[in-house]
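Trainee: Please find the sequence and the predicted model below.
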Amino acid sequence: MADTYSLTAKVSLNDGNSYPRFGLGVYVTEPGEETYNAVTWALEAGYRHIDGKSSSAYSYSVHEGAEWYENEEDCGRAINDFIAKSGVPRSEIYFTTKLMHNRTDPAWVEKCVATSLKKAGLDYIDLYLIHDPNGGPKVRAAMWEGCCRAKDSGKVKSIGVSNFGVKHLEDLLAGKPKYVPAVNQIDLHPFMTRNELVAYCQSKGIVLEAWAPLVRGERFNHPVVKELAQKYNKSPAQVLIRYGLDRGFIVIPKSTKKNRIADNANVFDFVLEKADIDRLTSLDEFLVTDWEVSTVP
């Protein structure tokens, strides 16, 4: 029988570390009270994985701040307040943040990591990701070198990428970097299955992480999703989250509502039958829910 997992179940990474299979995404969550409350509610509900949105090592303009929704400070404040209140050790809470702007010098990454740590008020980052592959092969290689340095410094435990396609990963690995990405965080759900990319990452020991497992709510009323929700006595959101878990992905559903944060975690008492996983996978329509950069040069 397939494993139902648990709220704190982890997946092994290729660097010897492990990471919670389930977490809270805070993408497009407004800085301030909205982010702080969402992270606090998630931690109180038993979540131990928070996926944050980072800043850069330079001052943001008003436009950029709004565009990227930098909320590391609020994530870190909520994590530290929860630790102080609950006594849960920092080692049991996993925080992800990202390099938001690619440059040409690996030292840029080290500066950005330092900025992220200062803003979040944390001593280390559990998982640090290159947010996107923009800039071309040389820029990606330089940014990955910076990530490797950050990992070697101990300021970052694991490193990975986000929104990378097969070609980006092939180029990166062709340079024989010190570390292979531990994670590729990308848009993954039944309507964007990326079968070739999933197979490639699995062949390289790279764990897939689904950053929009709920399809932004755009397919809750799809007949197959509704039918399976009725079959398993679950909500469409819970079926979509479980789909990601049953495919072996890390999933980070986003919500700012206390009740939905709790409901999204109620997915560890059932598994989808293989036929239903296959049926959902067959719904692929290359649905872009936000942006698509996995095919940029």
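Mentor: Perfect, I can see it now.
Trainee: can I get the CA coordinates of the one helix or strand Ala229 maps to in PDB?
Mentor: Assigning secondary structure by DSSP states H and E places Ala229 in helix 223-232. Taking C-alpha atoms only, helix 223-232 is exported to PDB below (Å, rounded to 0.1, in the frame of the first residue of the first chain):
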ATOM      1  CA  PRO A 223     -15.300  17.300 -13.800                       C
ATOM      2  CA  VAL A 224     -12.500  14.700 -13.100                       C
ATOM      3  CA  VAL A 225     -11.200  16.600 -10.100                       C
ATOM      4  CA  LYS A 226     -14.700  17.000  -8.700                       C
ATOM      5  CA  GLU A 227     -15.500  13.300  -9.300                       C
ATOM      6  CA  LEU A 228     -12.400  12.200  -7.400                       C
ATOM      7  CA  ALA A 229     -13.100  14.700  -4.600                       C
ATOM      8  CA  GLN A 230     -16.400  13.000  -4.200                       C
ATOM      9  CA  LYS A 231     -14.900   9.500  -4.400                       C
ATOM     10  CA  TYR A 232     -12.400  10.200  -1.700                       C
END
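Trainee: Please name the bridge partners of Pro20.
Mentor: Beta-bridge partners for Pro20, by DSSP bridges, are Lys10.
Trainee: Could you check how many residues crowd around it?
Mentor: Applying other C-beta atoms under 10 Å, we find 23 residues neighbouring Pro20. Every C-beta, even on glycine, is put in place using the N, C-alpha and C of the backbone.
Trainee: What pLDDT does the model give it?
Mentor: With respect to pLDDT, Pro20 scores 98.
Trainee: Please shift the residue numbers so they start at 367 in all later answers.
Mentor: Let's use 367 as the start, then, which means that last one is Pro386.
Trainee: was I right about it contacting Lys376?
Mentor: Yes - under the criterion of C-beta atoms under 8 Å, Pro386 makes contact with Lys376 at 5.4 Å.
Trainee: ok, and the helix or strand in the protein with the lowest average confidence?
Mentor: The weakest-scoring helix or strand in the chain, judged by mean pLDDT, DSSP states H and E, is helix 428-434 (a mean of 34).
Trainee: mind listing what's buried in the helix holding Ala595?
Mentor: By neighbour count on 16 or more other C-beta atoms under 10 Å, the buried set for helix 589-598 is 590-591, 594-595, 598.
Trainee: closest to Arg626 among these?
Mentor: For these, the minimum distance to Arg626 (C-beta to C-beta) is 15.1 Å, reached by Ala595.
Trainee: Look up how far Gln604 lies from the closest one.
Mentor: Remark: distance between Ala595 and Gln604 (C-beta to C-beta, to the nearest Å) = 7 Å.
Trainee: what residues are shared contacts of those two?
Mentor: Taking C-beta atoms under 8 Å, 6 or more residues apart in numbering as the criterion, Ala595 and Gln604 do not both touch any residue.
Trainee: ok, and what's touching the helix holding Ala595?
Mentor: With C-beta under 8 Å, 6+ apart as the test, helix 589-598 has contacts from 556, 585-586, 601-602, 604-606, 608, 636, 638, 642, 645-646, 649.
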